[in-house]
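# Kindly return the folded structure for what I paste below:
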Amino acid sequence: MSTPLRLGTRASVLATTQSGHVADALRDATGRDVELVPITTDGDVLTGPLAQLGGTGVFVAALREALLRGECDLVVHSMKDLPTGAVDGLVIGAVPPRAPQNDVLCARDGLTLDTLPQGAVVGSGSPRRVAQLLRRRPDLDVRGIRGNVDTRLRKVRDGEFDATVLAEAGLTRMNLTDEATDRFALAQWPTSAGQGALAVEVRTDDPGLAEVVSRIGDAASTRNALWEREVLRLLEAGCAAPVGISARSEGETVELLAEVYALDGSRAVRVTRRLPADALAAEEARHSAAVDVVDELLRAGAGELADLSGSGA
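Okay, here's the model as predicted:
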């Protein structure tokens with residue numbers, strides 16, 4: 001009997017749920033057993049705004065350290081939380097089929113963004129979402145909010161907030177989509193690079209396992225999410241930079257929208273690109289396409305709106 005694969009995951013309900021989906025896919029693809037190894041990260045125990053704690057990367061470091069120490073064989077990340085810089089000894093082995101990329105509003109009384117009352121209190125700790133909310137509704141009182149999905153929804157139900165903005169992917173994986181009262185179209189509201197996608201990371205010194213893990217990857221999800229991440233990497237956006245980057249397949253083409261906002265939502269710079277899907281299959285092609293997007297963003301003044309260090313090179 002084969003030794004079970006040890007899959008490292010954050011211990012939150014959402015993280016173990018999505019890691020459970022990956023474990024099931026691996027069992028189906030390989031016939032091997034998979035056991036979850038819960039790992040507590042700094043992002044799970046520290047309080048305060050994520051941007052001040054180092055951004056969403058605080059959810060990643062402990063998982064990667066456990067993988068490098070051999071305490072698990074692979075780890076699962078929400079790709080939007082994964083820093084774009086390479087880590088020696090680790091590689092993304094698979095991007096499974098992607099969940100919805102969109103953001104949704106979860107509001108009291110079935111309210112939408114347009115029907116929220118003047119001065120409504122909306123919870124979000126994401127600089128991008130704050131900027132997008134204020135760009136659409138500058139009258140809103142947008143306040144920071146932390147906690148898992150259930151905690152944020154409870155704060156709305158208890159009246160602490162009139163609404164909060166969440167990733168549709170998380171609600172989908174937790175069977176909570178009925179909580180959404182408004183869904184934001186990607187064409188008007190691009191989300192974080194990699195949102196809705198999972199990244200299964202493995203060690204580079206285990207090529208056999210890398211081959212096994214690759215069986216659960218999805219080509220379109222991989223191509224689109226990695227193009228988004230390459231744009232983000234070249235922008236060198238700081239963790240507090242309000243940047244939305246979404247690529248979506250439309251038949252045989254892929255359309256990418258990248259938008260950089262002023263923190264108060266007063267201004268924005270956006271760039272769109274539509275390319276044949278097969279022209280983005282290779283890493284070098286995605287890099288070249290990302291350079292083109294970033295160059296146009298910077299020429300249009302994106303660097304004046306947000307904390308960007310990228311040159312587009």
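# okay, CA-based contacts and neighbour counts for the rest of this
Noted.
# low-confidence ranges in the chain?
Low-confidence segments of the chain (pLDDT under 70): 1, 41-58, 238-239, 310-313.
# contacting residues around the residue lying closest to R143 once chain neighbours are set aside?
Distances taken as CA to CA, 6 or more residues apart in numbering put G123 closest to R143, at 5.0 Å, once the chain neighbours are dropped. By CA atoms under 8 Å, 6 or more residues apart in numbering, the contact list for G123 reads V142, R143, G144, I145, F161, A163, T164, V165.
# Show me where the stretch 201-313 of the chain has its strands.
Taking DSSP state E, counting those that start in this stretch to define them, one finds strands in the stretch 201-313 of the chain at 243-250, 253-261, 268-276.
# Output those as a markdown table; include the columns mean neighbour count and distance to A131.
Listed next are those as a markdown table, based on neighbours: other CA atoms under 10 Å; distance: least, CA to CA, whole Å:
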| stretch | mean neighbour count | distance to A131 |
| --- | --- | --- |
| strand 243-250 | 23 | 9 |
| strand 253-261 | 23 | 6 |
| strand 268-276 | 16 | 9 |
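# Nearest to T84, out of those?
T84 sits nearest to strand 243-250 of all those, at 13.5 Å, using CA to CA.
# Name all residues that make contact with the spatially most central residue of the chain.
For the chain, the residue nearest the mean C-alpha position is K80 (2.3 Å; CA atoms, centre = their mean). For K80, the contact set (CA under 8 Å, 6+ apart) comprises T56, S192, A193, G194, Q195, G196, A197.
# By neighbours, which of those residues wins?
Among these, A193 has the most neighbours (other CA atoms under 10 Å), with 29 neighbours.
# Give me the secondary structure label for that residue.
Assigned by DSSP: H, G, I helix; E, B strand; the rest coil, the conformation of A193 is coil.
# Tell me the spacing between it and P83.
Going from A193 to P83 by CA to CA, to the nearest Å gives 10 Å.
# so A11 makes contact with P38?
Yes: counting by CA atoms under 8 Å, A11 does reach P38; the two are 5.0 Å apart.
# For the protein, which segments count as helices?
13-30, 42-45, 50-53, 61-68, 127-136, 149-157, 168-173, 207-214, 219-235, 283-299, 302-305 (DSSP state H).
# Redo the ones you listed as CSV? Include mean neighbour count and distance to L7.
Converted to CSV, the helices of the chain look like this (neighbours: other CA under 10 Å; distance: least, CA to CA, whole Å):
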stretch, mean neighbour count, distance to L7
helix 13-30, 18, 8
helix 42-45, 14, 18
helix 50-53, 16, 25
helix 61-68, 19, 9
helix 127-136, 22, 31
helix 149-157, 17, 22
helix 168-173, 20, 18
helix 207-214, 16, 11
helix 219-235, 23, 20
helix 283-299, 18, 27
helix 302-305, 19, 39
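# which one of those lies closest to R108?
Among the helices of the chain, the nearest to R108 by CA to CA is helix 149-157 (6.5 Å).
# From the rest of the structure, what touches the closest one?
Outside helix 149-157, the residues that touch it by CA under 8 Å, 6+ apart are 14, 106-108, 145-146, 161-164, 166, 170-171.
# For the spatially closest residue to A180 that is not a sequence neighbour, name its beta-bridge partners.
Leaving aside its sequence neighbours, A180 sits nearest to C106 (CA to CA, 6+ apart; 4.6 Å). Beta-bridge pairing for C106 (DSSP bridges): T164.
# thinking again about what came up before, Throw the helices of the chain into a markdown table and include distance to R270, thanks.
Conversion of those to a markdown table gives the following (distance: least, CA to CA, whole Å):
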| stretch | distance to R270 |
| --- | --- |
| helix 13-30 | 32 |
| helix 42-45 | 31 |
| helix 50-53 | 23 |
| helix 61-68 | 31 |
| helix 127-136 | 13 |
| helix 149-157 | 30 |
| helix 168-173 | 23 |
| helix 207-214 | 34 |
| helix 219-235 | 13 |
| helix 283-299 | 7 |
| helix 302-305 | 9 |
